[in-house]
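1. Sequence first, predicted coordinates after that:
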Amino acid sequence: MTTESMFENLSLVEKSAVSLDNVEEDYVLDVAAQRGNGEYIAATSSNHTIRLFSRSNLANVGVIEGHSDTISGISWGKTEPHLLYSSSKDKTIRCWDTRTKLSKEVQKFRGSTETENMFTCIDINADDRVLCSGQEADKEENAFILFWYI
């Protein structure tokens, strides 16, 4: 089979509009796709938001707002694929449920009084029971890794 014959059999299934206009001065910091056949791709922006895009056509389907500083990491739930976890330099970790309105997190996590530094990364274990995040070093050069059993 030639390359030309392969292309002759292709047909357009779906299309999406993309604008090349520069409407905002923000940029992408991190990208995470839902596992398997998940429907969303999440991208963090320098304006402290998370944008959700359709995995099938990359159309913008929503914006998550809630953090007040740079979002340092995002991670989708493994067994609960509708849950998106985000860590931020605003010293919070938030859990967002894509089945609900995106205007409010469903859970918020903070460090203890001893570990009130900025969160620099995040991940959730394979069964969505243990949340882990790293923190920046403090003035005494102590860096922490925090775990929450959820």
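-> Nice, thanks for sending it over.
2. what residue is smack in the middle of this structure?
-> residue 74 (3.6 Å; Cα atoms, centre = their mean).
3. Pull the contacting residues for the closest residue to residue 80 other than its chain neighbours.
-> Distances taken as Cβ to Cβ, 6 or more residues apart in numbering put residue 128 closest to residue 80, at 5.1 Å, once the chain neighbours are dropped. All C-beta atoms are positioned from the backbone trio N, CA, C, and that covers glycine. Residues in contact with residue 128 (Cβ atoms under 8 Å, 6 or more residues apart in numbering) are 77-80, 83, 150.
4. cool, and residue 49?
-> Neighbouring residues of residue 49 by Cβ under 8 Å, 6+ apart: 26, 63-65, 67, 71.
5. For residue 124, see how far away residue 109 is.
-> 11 Å (Cβ to Cβ, to the nearest Å).
6. Tell me the pLDDT of the residue nearest to residue 83 when sequence neighbours are not counted.
-> Leaving aside its chain neighbours, residue 83 sits nearest to residue 77 (3.7 Å; criterion: Cβ to Cβ, 6+ apart). On the pLDDT scale, residue 77 is placed at 95.
7. contacting residues for residue 77?
-> For residue 77, the contacting residues are 83-85, 124, 128, by Cβ under 8 Å, 6+ apart.
8. for this structure, which spans come out with low pLDDT?
-> By pLDDT under 70, the low-scoring segments of the chain are 1, 12-24.
9. Just among the contacts of residue 49, which is most surrounded?
-> Highest neighbour count within those, by other Cβ atoms under 10 Å: residue 71, with 27 neighbours.
10. Report the contact partners of it.
-> 29-30, 44-45, 48-50, 86-88.
11. Can you tell me the element the residue lying closest to it once chain neighbours are set aside falls in?
-> Counting by Cβ to Cβ, 6+ apart, residue 71 lies nearest to residue 44, which is 4.2 Å off, once chain neighbours are set aside. Secondary structure from DSSP states H and E places residue 44 in strand 40-45.
12. What is the linear distance spanned by stretch 109-118 between its boundary residues?
-> Start-to-end span of stretch 109-118 (Cα to Cα, to the nearest Å) is 12 Å.
13. Please read the previous query as pertaining to stretch 100-114.
-> End residues of stretch 100-114 are separated by 33 Å (Cα to Cα).
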